[in-house]
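Participant: coords below, sequence missing:
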């Protein structure tokens, strides 16, 4: 891969992503961004002050926290119908869902936040919907657009537990929800995807055909822990690490230039090197949340300075010209390339382990 990248850099056979020299500008979902660092959905985007702080730190765009399907259905008086369609509901099931007061904001406050953020900032504000089914709740995408959202990120979260529900049926649920949103709005729609599909490239291309302008890889699913003393299921949120970046890098690299959407990498972006890796794999932007929650929003400006220093040392004059530079678009057979990389990795590990054993 490195030899391929160097060859492309030297002889210019790779077509650039566009842009002009000596800046960090990129495009995502048809939006002109000043750099590739986007603040992904988190509590940081739950207030106007938080959004302003993200812009001041250098964020090129902000994805707002999500409005949940169940939250919107509750307001529409349709949550009981939704739960019954999902396999039946009891009074205990209703108690599991957060009350309205537990969410960051009610739908009207959410729309007001979009309006205020558009007036108070100069960066794109991306609304977020979290759900999986079709229905009236998706009309809130229209309200987000009218409030001034520059795009919609559809965060599809569904864990199939019905043993009679096929993978194909689950995929159609996702595509129907996306198509429903895409037909309701004129602004671009991206989808935050799970890696758990039998053929991710096929699903990604189906998303494109159903109206997605962008794909965010990947959604970090909630993974509960077990309290073996109290015999309870404990909600737990684990922050990402840079090591988690390898999975989205692999799939963006494989699909770049083959699925005609804008890719965003999410989950594992913590350093300037992570951002550069995301761009070189083929992503237009790298989305950050855990790093900012842990170490402060000023990390954005620090990372942007480090990116420029790295580009200067390595003689790159444009972020956009780096886009897809180390993707597998130019491999004759990506499947064979993956198999070869897998075999090499195993052999390298075995040889390293053997050398350690041979040492006195």
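Facilitator: All right, it came through fine. This structure is a prediction, so every number in the text was calculated from the model and none was measured.
Participant: and the residue lying closest to residue 42 once chain neighbours are set aside, what does it touch?
Facilitator: Excluding its sequence neighbours, the residue lying closest to residue 42 (C-beta to C-beta, 6 or more residues apart in numbering) is residue 289, at 4.1 Å. Backbone N, C-alpha and C define where each C-beta goes, glycine included. Applying C-beta atoms under 8 Å, 6 or more residues apart in numbering to residue 289 gives the contacts 39-42, 44, 266.
Participant: which members of those residues are the farthest-apart pair?
Facilitator: Greatest spatial distance among these (C-beta to C-beta): 44 and 266, at 14.4 Å.
Participant: of the two, which one has the most company?
Facilitator: Just comparing residue 44 and residue 266: by other C-beta atoms under 10 Å the higher neighbour count belongs to residue 266, 28 against 23.
Participant: count the residues that sit near the nearest residue to the more buried one once chain neighbours are set aside.
Facilitator: Nearest residue to residue 266 in three dimensions, chain neighbours excluded: residue 287, at 4.0 Å (C-beta to C-beta, 6+ apart). Residue 287 has 28 neighbours, counted by other C-beta under 10 Å.
Participant: doesn't residue 287 belong to a helix?
Facilitator: No. Secondary structure of residue 287 (DSSP: H, G, I helix; E, B strand; the rest coil): strand, not part of a helix.
Participant: tell me what it is bridged to.
Facilitator: Using DSSP bridges, the beta-bridge partners of residue 287 come out as residue 38, residue 266.
Participant: against residue 276, how distant is it?
Facilitator: Computed as C-beta to C-beta, to the nearest Å, the residue 287 to residue 276 distance reads 15 Å.
Participant: repeat that for residue 150.
Facilitator: 25 Å.
Participant: ok, residue 31 touching residue 61?
Facilitator: Yes. If you go by C-beta atoms under 8 Å, residue 31 and residue 61 touch, sitting 6.8 Å apart.
Participant: neighbour count: these two, which is higher?
Facilitator: With neighbours defined as other C-beta under 10 Å, residue 31 and residue 61 compare such that residue 61 has more, 27 against 22.
Participant: which residues touch the residue nearest to the more buried one when sequence neighbours are not counted?
Facilitator: Closest residue to residue 61 apart from its sequence neighbours, by C-beta to C-beta, 6+ apart: residue 124 at 4.2 Å. For residue 124, the contact set (C-beta under 8 Å, 6+ apart) comprises 31, 33, 60-62, 150-151.
Participant: quick revisit: these two touch, right, the residue nearest to residue 266 and residue 38?
Facilitator: Yes. With contact defined as C-beta under 8 Å, residue 287 counts as touching residue 38 (4.9 Å).
Participant: who touches both of the two?
Facilitator: 63, 264.
Participant: and the next element down the chain from the lowest-mean-pLDDT helix or strand in the chain?
Facilitator: Least confident helix or strand of the chain, by mean pLDDT, DSSP states H and E, is helix 2-11 with a mean of 40. Per DSSP states H and E, the first helix or strand lying C-terminal to helix 2-11 is strand 26-28.
Participant: contacts for the helix or strand that that next one is followed by?
Facilitator: Using DSSP H and E, the helix or strand that follows strand 26-28 towards the C-terminus is strand 31-33. Residues from elsewhere that reach strand 31-33 (C-beta under 8 Å, 6+ apart): 25-27, 60-61, 123-124, 150-151, 188, 285.
Participant: can you give me the strands in this structure?
Facilitator: For the chain, the strands defined by DSSP state E cover 26-28, 31-33, 37-39, 61-68, 125-131, 151-156, 189-193, 214-217, 225-227, 232-234, 262-266, 283-288.
Participant: any low-confidence regions in the stretch 151-300 of the chain?
Facilitator: 221-222 (pLDDT under 70).
Participant: quick one, phi/psi of the residue lying closest to residue 242 once chain neighbours are set aside?
Facilitator: Closest residue to residue 242 apart from its sequence neighbours, by C-beta to C-beta, 6+ apart: residue 270 at 4.9 Å. Per-residue torsions, residue 270: phi -130, psi -20 (degrees, to the nearest 10).
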